[in-house]
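Undergrad: please work out how this folds:
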Amino acid sequence: QVQLVESGGGLVQAGGSLRLSCAASGRTFNDYVMGWFRQAPGKERESVGAISGSGSTSYADSVKGRFAISRDNAKNTVYLQMNSLKPEDTAVYYCAARGGYYPVRVVQEYAYWGQGTQVTISS
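TA: The predicted structure follows:
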């Protein structure tokens with residue numbers, strides 16, 4: 001079992017940057033693929049990106065070149081660096097964990113979820 005706690009959300013102006021963190025419990029953090037997802041009001045939860053235990057990443061087209069996912073296995077933490085933020089990036093951001101090797105980005109593939117952190121981008 002993995003417990004996840006996100007932090008770092010807030011209010012930022014368009015064009016700004018924000019870094020989210022997700023701290024995980026457990027001793028086998030590097031065995032988990034970690035994903036970042038977001039959900040805007042009235043919309044379905046969507047993938048932002050994912051990172052494998054070895055550091056391979058995959059991103060949604062909407063964030064490629066602007067967002068970057070990294071992880072520190074020694075600290076049991078995964079990060080989401082968000083640059084050039086747009087108002088349409090406003091959402092609750094969630095981190096999630098799944099077993100396996102590949103950085104899949106399918107919501108239903110993830111068994112463990114954090115509580116989410118609000119990110120609001122003002123225009």
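Undergrad: the most centrally placed residue in the chain: what's it in contact with?
TA: Geometric centre of the chain, nearest residue: residue 36, 2.3 Å, by Cα atoms, centre = their mean. Contact partners of residue 36, counting by Cβ atoms under 8 Å, 6 or more residues apart in numbering, are 20, 22, 47-50, 67, 69, 78, 80, 93-96. Just so you know, the C-beta spots here come from the backbone N, C-alpha and C atoms, and that holds for glycine as well.
Undergrad: same question for residue 49.
TA: Residue 49 sits next to 35-36, 57-60, 63, 67, 69, 80, 103, 105 when contact means Cβ under 8 Å, 6+ apart.
Undergrad: which of those sits closest to residue 7?
TA: Nearest to residue 7 among those, counting by Cβ to Cβ, is residue 80 at 11.0 Å.
Undergrad: what is the burial count for the closest residue to the closest one other than its chain neighbours?
TA: Leaving aside its chain neighbours, residue 80 sits nearest to residue 20 (4.3 Å; criterion: Cβ to Cβ, 6 or more residues apart in numbering). Residue 20: 24 surrounding residues under other Cβ atoms under 10 Å.
Undergrad: can I assume residue 20 sits in a helix?
TA: No - under DSSP: H, G, I helix; E, B strand; the rest coil, residue 20 sits outside any helix and is assigned strand.
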